[in-house]
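J.: When you get a sec, could you give me coordinates for this:
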Amino acid sequence: MTTAVIDHTATGYSIGHALGMARAAQLAYKSEGEVEATAREWGFDRVRHHHTTFTPPFPLQDTQAYTMASPRMIVTAFRGTQPVEMRDWLSDTTTPPWPGPAKTGFIHYGFGEALNSAWPKIRAAIDEFRDNDQSLWFTGHSLGGALAMLAAARLHFEEPNLTADGVYTFGQPRACDRTLARAYDSAFSRRTYRFVNNNDIVPQLPPEPVFHHVAELRYIDSGGTIREKMPVVGGLLDRAKGATADMLAPASDGMRDHLMQGYVAALEKNQH
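T.: Below you'll find the model as predicted:
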């Protein structure tokens, strides 16, 4: 691999940059040694790992992430968790909302605890590494996508002079209420891109109307094409097509579409 895997000079949206952020999110699932070796291959000379534990009333018990830096760019990537586990506790409608960053709206309690446990280390790493006015990016898959979005929100609303240059998430669940979603969309217009792969089950949770998604959806259809817009009827038909693509296991489509390799494969396909 070369530094071309991630464009350190990127300033805006492109499929190629989204692919780089997807690979950074995928790397969060690897061991610390693999993260450090791969980061060096990609041109990042500094890495800090963030692994913390906590005891909320959910199966979720830890947060894992890493921050890597080069002279031009800093990336914090959050690790996700198993979709079967997430589906169970994200479906719980008794989950209490938690005050959002700088008292802006509300967020999912479990996500708030997860981010809060790792935030001091993440914030310290950004301060340590940002010595050349580098661009700042957050990314993550699944639970990690929700934490990436909330980390960017926390940084912006608590420290308005430090807004991330971009946030790329893949298969993230709903993370906040409508108030925070609207404020976030205003602050991060053309900075956040939320990828959803066809019938991925996790972005459908937690249930509305308490929790909402932020904007800038990038929908991957059943044929693997990335679409910026999908009409409601067309989306329903496309999801039905995706659900019946595997006649031997149609019910597994929501889990299969959540896998990170599916997101990476779609971005690779659309890059050409």
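J.: mind listing the helices for this structure?
T.: For the chain, the helices defined by DSSP state H occupy 15-27, 32-41, 83-90, 109-129, 143-158, 178-187, 232-243, 253-256, 260-270.
J.: which stretch among the ones you listed comes nearest residue 210?
T.: Proximity to residue 210 (Cβ to Cβ) singles out helix 178-187 among the helices of the chain, at 9.2 Å. Heads up, the C-betas are built off the backbone N, CA and C, glycines and all.
J.: what is the orientation angle of the closest one with helix 143-158?
T.: Put simply, helix 178-187 runs at 80 degrees to helix 143-158, going by axes from the mean of the first three to the mean of the last three Cα atoms, to 10 degrees.
J.: Specify the beta-bridge partners of the residue nearest to residue 114 when sequence neighbours are not counted.
T.: Computed as Cβ to Cβ, 6 or more residues apart in numbering, the closest residue to residue 114 that is not its neighbour in sequence is residue 63, at 4.7 Å. Using DSSP bridges, the bridge partners assigned to residue 63 are residue 52.
J.: Would you mind measuring from residue 63 to residue 148?
T.: Distance, residue 63 to residue 148, by Cβ to Cβ, to the nearest Å: 12 Å.
J.: Comparing these two, which residue is more hemmed in?
T.: Neighbours were counted for residue 63 and for residue 148 using other Cβ atoms under 10 Å; residue 148 has more, 32 against 26.
J.: The more buried one reaches residue 154, doesn't it?
T.: No - the criterion here is Cβ atoms under 8 Å, and residue 148 misses it with residue 154 at 10.9 Å.
J.: that older thread, and for residue 63 and residue 148, which residues touch both?
T.: Common contacts of residue 63 and residue 148 (Cβ atoms under 8 Å, 6 or more residues apart in numbering): residue 78.
J.: Nearest residue to residue 226 in space, please, no chain neighbours.
T.: Of all residues beyond its chain neighbours, the one nearest residue 226 is residue 270 (4.8 Å), with distances taken as Cβ to Cβ, 6+ apart.
J.: Any regions of this structure where pLDDT drops low?
T.: Within the chain, the segments meeting pLDDT under 70 span 1-3, 56-59, 83-89, 93-94, 230-253.
J.: how about 50 then?
T.: By pLDDT under 50, the low-scoring segments of the chain are 1-3, 232-236, 239, 241-251.
J.: what about residue 53, distance to residue 120?
T.: For residue 53, the distance to residue 120 equals 14 Å [Cβ to Cβ].
J.: what does residue 149 give?
T.: 19 Å.
J.: Compare neighbour counts for the two and give me the winner.
T.: Between residue 149 and residue 120, residue 149 has the larger neighbour count (other Cβ under 10 Å), namely 32 against 11.
J.: list the contacts for that one?
T.: Residues near residue 149 by Cβ under 8 Å, 6+ apart: 138, 167, 169, 172, 175, 184, 192, 194, 214.
J.: Out of those, flag the one nearest to residue 107.
T.: Among the contacts of residue 149, residue 175 lies closest to residue 107 (Cβ to Cβ), at 6.0 Å.
J.: contacting residues around that closest one?
T.: 107, 108, 111, 146, 149, 150, 211, 213, 214.
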